[in-house]
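>>> Here is a sequence with its predicted model. Questions after.
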Amino acid sequence: MPANTNAQQNLASLVKEIPYRSKVWAPDLNNGYYKNPIINADYSDPDVVRVGNDFYMVSSSFEDIPGLPILHSTDLVNWRLIGHALLKQYPVGHFDLPRHGDGVWAPSIRYYNKEFYLYYPDPDFGIYLIKATNAAGPWSKPVLVMEGKGLIDPCPLLDDDGSMYLVHGFAGSRAGIKSIIALNQLNKNGDKVLDEGVIVYDGHEIDPTIEGPKFYKRNGYYYIFAPAGGVSTGWQVVLRSKKVYGPYERKVVMDQGKSSVNGPHQGAWVNTSLGEDWFIHFQDKDAYGRVVHLQPMTWKNNWPVIGSDVDGDGKGEPVYQHRKPKSNIASVIENPVESDEFKSNVLGLQWQWMANNKAHWNYLHPAKGVLRLYSAQVPEGAKNLWDIPNVLSQKFPADEFTATTKLEFKPNIKIDGEKAGLAVMGLSYANIGIIHKKDGDYLYYGVCKNADKGELENMKLVTKLESSSVYLRVTVAKDAICRFSYSTDGLIFKLVGDEFKATPGKWKGAKLGLFCTRSTQINDSGYADFDWFRVTAFDRN
């Protein structure tokens, strides 16, 4: 069992009875209705399974570790992050450096024989399976089910006769072909494909870039739910057949229509214990990432109708507000955690590194109640912060918010250029922090345009600091407009630099990051103590 599995479970247990309520986004309107998105954060490619009265969601995580976040809900509106299924990215050595946009693509989760089956693709290596009896973990080590480049978006189906199948798509960037859906048979354990596979649908003519298939069976029909037309511009297709290998009929069951929800893209059909049907999907919001929506769903002539179908043609469009799903369990209003006081002995579940992490990168200091980040030497050839693995980050939580942290910097006085700070990460990034120089510590502000292309960061010194303690803040306004500021007393904040428009990362939204780095290797490091990290309402001042 990985060393930090128990720690993550302990953390989930510690917060079990304390529902977290976001100060910046709450979908439950507390009157029997909800508003979309139900999670206004970058949980892309969501898939959901119900076990009894409990719902479990998983999403893609790309290069971030821990990966494959697992969320839990009893009403499909209020969600809690309870753990991660992937604590190291495999192959481990390959992912010791940031591999932006690689790693975990769209996963699927099912519950068979009292076990959770979680299939996820790595477009460079193949399709993996991990299992668990408890969704919060521990999860098994990944098993390579199907090796190959460009194999993406797997989803299994356990048929009535015990046969298992796996449907998947293809990434054109690796496979050299896309817009097709293939089907393979699995062995009885679900951990190995038994054949080369068969293409069951070609979307080139009318459903370009069809991908993200989810596989179901109902009323004797096999159903493949799959989005097409592109992540930010597409529509939701459903294919059906009385035979597992087809031929499959095709119908568009949801598109943007007159709504403001572009896409709407891939997701999951889930039914409740009271017999209602719902569909969870994502919407691409550029720098904010791929946020999660919940749509009502009904059946008409054995075809699903998703969202609001005003004209009755069987094709719906996304809703903004709707009645909550009926439930025999009272709802508890809660949201995925954002703020962190760093009082636990393990990192909060909202935090992820940009590569496989090392134990010596951080320490939760029990006596001081702080997160201590030790400065780690930047990798050889690193051009900027985009190339550095020890950036600790979390998702943007809303369209508008303020994030503030209190930092005390203790540099190694033998090292010139050691620094620590707060960043907004993406293909371009900006950051504010403290840098140690021979004559003292300075507050700086840096911007790096086209960081993913190896451009150098433009860093400007703001002021020499009298104290090693400083408050750092970023306010994020609509359209992902960021303003950075600092304070020496926690009361009066001074703006630095110009407005910075956050950009998405590789296949995901911008992220908030904490870091501590150095460019010189000696026998010891300095460190930065982060006392707390708080996400609050948007502050225009």
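Structure's in. What do you need?
>>> count of residues packed around Leu392?
By other Cβ atoms under 10 Å, 23 other residues sit near Leu392. From N, CA and C alone the C-beta is placed, and that goes for glycine too.
>>> now swap in the one 3 residues further on and tell me
Lys395: 23 surrounding residues under other Cβ under 10 Å.
>>> got it, and Trp299?
Around Trp299 there are 11 other residues, counting by other Cβ under 10 Å.
>>> Correct me if wrong, but it is in a strand.
Yes: counting by DSSP: H, G, I helix; E, B strand; the rest coil, Trp299 falls inside a strand.
>>> For beta bridges, what are the partners of it?
For Trp299, the beta-bridge partners under DSSP bridges are Pro304.
>>> before we move on, what about Phe533?
Counting by DSSP bridges, Phe533 forms beta bridges with Asp340, Thr405.
>>> What's the separation between it and Ala403?
Distance, Phe533 to Ala403, using Cβ to Cβ, to the nearest Å: 7 Å.
>>> and what of Pro154?
For Pro154, the distance to Ala403 - Cβ to Cβ - is 35 Å.
>>> Between those two, which is the more surrounded one?
Pro154 (27 against 23).
>>> Which secondary structure elements does the helix or strand containing that one sit against?
Using DSSP states H and E, Pro154 falls within strand 151-158. On a contact count with 3 or more Cβ pairs under 8 Å, 6 or more residues apart in numbering; DSSP states H and E, strand 151-158 meets strand 108-112, strand 115-122, strand 126-132, strand 164-170, strand 214-218.
>>> The residue nearest to Arg174 when sequence neighbours are not counted: how many residues sit nearby?
Spatial nearest neighbour of Arg174, excluding adjacent residues (Cβ to Cβ, 6 or more residues apart in numbering): Gly150 at 3.5 Å. When neighbours are counted by other Cβ under 10 Å, Gly150 registers 19.
>>> I'd assumed Phe170 was in contact with Gly150.
Yes: using Cβ atoms under 8 Å, Gly150 is in contact with Phe170, at 5.1 Å.
>>> shared neighbours, those two?
Jointly contacting Gly150 and Phe170 under the rule Cβ atoms under 8 Å, 6 or more residues apart in numbering are Ile177.
>>> So which residues of the stretch 301-450 of the chain form strands?
Along the stretch 301-450 of the chain, the stretches classed as strands by DSSP state E, counting those that start in this stretch are 303-306, 321-323, 352-353, 362-365, 370-374, 376-377, 392-395, 401-410, 419-425, 429-437, 440-448.
>>> do the stretch 151-300 of the chain as well
Using DSSP E, counting those that start in this stretch, strands in the stretch 151-300 of the chain cover 151-158, 164-170, 180-186, 198-202, 214-218, 221-228, 235-241, 249-254, 267-271, 277-284, 290-300.
>>> For Asp47, find the nearest of the ones you listed.
Closest approach to Asp47 among those is made by strand 267-271 (4.6 Å; Cβ to Cβ).
>>> now what about the closest one, what contacts it?
46-50, 55, 76, 214, 216, 223, 225, 236, 277-282, 293, 297, 304.
>>> Neighbours of Asp479, how many?
Asp479, neighbours per other Cβ under 10 Å, totals 12.
>>> In a helix, it, correct?
Yes: judged by three-state DSSP, Asp479 forms part of a helix.
>>> For the helices and strands packed on strand 151-158, please prepare CSV with the additional fields distance to Gly505, mean neighbour count and mean pLDDT.
Formatted as CSV, the helices and strands packed on strand 151-158 follow (distance: least, Cβ to Cβ, whole Å; neighbours: other Cβ atoms under 10 Å; pLDDT from 0 to 100):
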stretch, distance to Gly505, mean neighbour count, mean pLDDT
strand 108-112, 23, 20, 98
strand 115-122, 17, 24, 98
strand 126-132, 22, 21, 98
strand 164-170, 22, 25, 98
strand 214-218, 25, 18, 98
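>>> can you tell me which of those strands comes nearest to Gly348?
strand 126-132 (20.9 Å).
>>> Quick check: Tyr120 touching Trp105?
Yes: assessed by Cβ under 8 Å, Tyr120 is found in contact with Trp105 at 7.2 Å.
>>> Quick check: neighbours shared by the two?
Residues touching both Tyr120 and Trp105 by Cβ under 8 Å, 6+ apart: Ser60.
>>> And the helices and strands packed on strand 151-158: which comes nearest Tyr471?
Among the helices and strands packed on strand 151-158, strand 115-122 comes nearest to Tyr471, with 38.9 Å by Cβ to Cβ.
>>> mind checking how far that closest one is from the chain centre?
Relative to its chain's centre, strand 115-122 lies at 16 Å (Cα atoms, centre = their mean, to the nearest Å).
>>> and the angle for that strand with strand 180-186?
Between strand 115-122 and strand 180-186, the angle comes out at 140 degrees (axes from the mean of the first three to the mean of the last three Cα atoms, to 10 degrees).
>>> tell me the pLDDT at the residue lying closest to Phe282 once chain neighbours are set aside?
Distance criterion Cβ to Cβ, 6+ apart; nearest residue to Phe282, sequence neighbours excluded, is Arg290 at 4.1 Å. Note for Arg290: predicted pLDDT of 98.
>>> is it true that Arg290 touches His265?
Yes: judged on Cβ under 8 Å, Arg290 makes contact with His265 at a distance of 7.3 Å.
>>> the bottom helix or strand of the protein by mean pLDDT?
Least confident element among the helices and strands of the chain, by mean pLDDT, DSSP states H and E: helix 5-14 (a mean of 48).
>>> In this protein, where is pLDDT below threshold?
Where the chain drops to pLDDT under 70, the residues are 1-17, 540-541.
>>> looking at it, which residue lies furthest from center?
In the chain, the greatest distance from the average C-alpha position (Cα atoms, centre = their mean) is reached by Asp439, at 41.5 Å.
>>> residues in contact with Thr272?
With Cβ under 8 Å, 6+ apart, Thr272 has these contacts: 50, 76, 278, 325-327.
>>> Might one say that Ser60 is in contact with Asp102?
No: using Cβ under 8 Å, Ser60 is not in contact with Asp102, being 11.3 Å away.
>>> between the two, who's got more neighbours?
Taking other Cβ under 10 Å, Ser60 and Asp102 do not tie; Ser60 has more neighbours (28 against 18).
>>> now that one, what's its secondary structure?
Three-state assignment for Ser60 (three-state DSSP): coil.
>>> what about the nearest residue to it once chain neighbours are set aside, how many neighbours?
Leaving aside its chain neighbours, Ser60 sits nearest to Asp45 (4.2 Å; criterion: Cβ to Cβ, 6+ apart). By other Cβ under 10 Å, the residues close to Asp45 number 28.
>>> Gly307 is in contact with Pro318, correct?
Yes: taking Cβ under 8 Å as the definition, Pro318 is a contact partner of Gly307 at 5.1 Å.
>>> I'd like the distance from the strand holding Pro154 to the chain centre, please.
That offset, for strand 151-158, works out to 19 Å (Cα atoms, centre = their mean).
>>> Kindly report the same for stretch 508-520.
17 Å.
>>> Numbering from 303 from now on, please.
Got it, first residue is 303 now, which makes that one stretch 810-822.
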